[in-house]
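> Provided below are the primary sequence and the corresponding predicted coordinates.
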Amino acid sequence: MVEILAYHGWGHDSGTWSKIETLLGSRVSIKAWDRGYFYNNKVEVAFSAESDKKIIMTHSFGLHQVPKHLFKLADGIIIISGFINFRKDKMLERMYDSLGANTALMLGQYHANISYPSQSKWSMPRIFSIDLLKTDLERLKSSKFNPSLISASVPKMFLAGESDKIVDIKTMEELATSLGIQIEWLKKSGHGIPYTKPEIIAQKIILFLNKLK
């Protein structure tokens, strides 16, 4: 059994991986971590001893949320729209200020930008934690991922949308270069490719897993 620990990004939840999990089928088990921004649904994940292959998969800020020791256990790493540090303080400040004034409007616009150039189908959950959302916006200003946590010998795949409106291309390329890999750019795709292009992501994952075998 292939086991994937999956870490979503800011402003999302474990549902990030639902369509991808369905497309991968029963031969792959996705354990979806949840920060708990919505529905009071905090979930921690860990690898099972009986899994044949252990994979870490992250989207955006999710890369920064992975406990450091797990990277040493992984047989493969899948990074989607990742970065070493975010570097958009003004954007984060605007988002922070808007959260208290009109949370639904701000998050709706954020998800529209993530879905671009696709249309956003996201709707505001009734239960959410403004405090946690704000805390992680503050963390995004200073959080810096250390690429040396990932062994040079571990197989890696980096996927990103060529029309990303959230993370700068140069920022993603900096991470890829530090890891010694190339980014696979998805055409006509933005930051939220786990939601907007699940079929393509699932296909890429299957190819990646086949190479591991």
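Sure, I can see it. For clarity, every value in this text was computed on a predicted model and none was experimentally measured.

> Now the longest helix belonging to the chain: buried residues?
The longest helix of the chain (DSSP state H) is helix 198-212. Neighbour-count burial for helix 198-212, counted by 16 or more other CB atoms under 10 Å, picks out 198, 200-202, 204-206, 208-209. No exception for glycine: its C-beta is placed from N, CA and C like everyone else's.

> and what of stretch 146-162?
150, 155-161.

> try stretch 100-113
Within stretch 100-113, judged by 16+ other CB under 10 Å, the buried ones are 106-107, 110-113.

> Name the SS class of Ile56, please.
strand (DSSP: H, G, I helix; E, B strand; the rest coil).

> Please shift the residue numbers so they start at 76 in all later answers.
Okay, residue one is now 76; in that scheme the one you just asked about reads as Ile131.

> which non-adjacent residue is nearest it?
Distances taken as CB to CB, 6 or more residues apart in numbering place Ala149 nearest to Ile131, at 4.7 Å, with adjacent residues excluded.

> Let me know the secondary structure of that neighbour.
Assignment for Ala149 (three-state DSSP): coil.

> And the strands in this protein?
For the chain, the strands defined by DSSP state E cover 77-82, 103-107, 128-134, 151-155, 231-236, 258-261.

> contact partners of the last one?
Meaning strand 258-261. Applying CB atoms under 8 Å, 6 or more residues apart in numbering, the external contacts of strand 258-261 come out as 232-237, 247-248, 251, 268, 272, 275, 279.

> Mind giving me the packing neighbours of the helix or strand of the chain with the lowest mean pLDDT?
In the chain, no helix or strand scores lower on mean pLDDT, DSSP states H and E than helix 164-176, which sits at a mean of 91. Using 3 or more CB pairs under 8 Å, 6 or more residues apart in numbering; DSSP states H and E, the elements in contact with helix 164-176 are helix 178-190, helix 205-217.

> center of this protein, which residue is that?
His134 (1.0 Å; CA atoms, centre = their mean).

> Check the gap between that residue and Trp85 for me.
10 Å (CB to CB, to the nearest Å).

> relative to helix 205-217, how tilted is the least confident helix or strand of the chain?
Using axes from the mean of the first three to the mean of the last three CA atoms, to 10 degrees, the direction of helix 164-176 lies 170 degrees away from that of helix 205-217.

> so where is the protein shaky, pLDDT-wise?
288 (pLDDT under 70).

> Quick check: the residue of it positioned farthest from its centre vs Asp206, distance?
Here the chain reaches farthest from its C-alpha mean at Ala176, the gap being 26.6 Å by CA atoms, centre = their mean. Separation of Ala176 from Asp206 (CB to CB): 15 Å.

> re the thing from before, which helices and strands does the longest helix of the chain pack with?
Looks like helix 273-287 contacts helix 93-99, strand 128-134, strand 151-155, strand 231-236, helix 268-271 (3+ CB pairs under 8 Å, 6+ apart).

> Show me what the third one pairs with in its sheet, parallel or antiparallel.
Meaning strand 151-155. strand 128-134 (parallel), strand 231-236 (parallel) (DSSP bridges).

> what's the longest one in contact with?
This points to strand 128-134. Here strand 128-134 makes contact (CB under 8 Å, 6+ apart) with 76-84, 87, 91-92, 105, 122, 140-141, 145-146, 148-157, 269, 280, 284, 287-288.

> Can you point out the buried residues in it?
Buried-residue list, strand 128-134, by 16+ other CB under 10 Å: 128-134.

> Alright, I will stop here.
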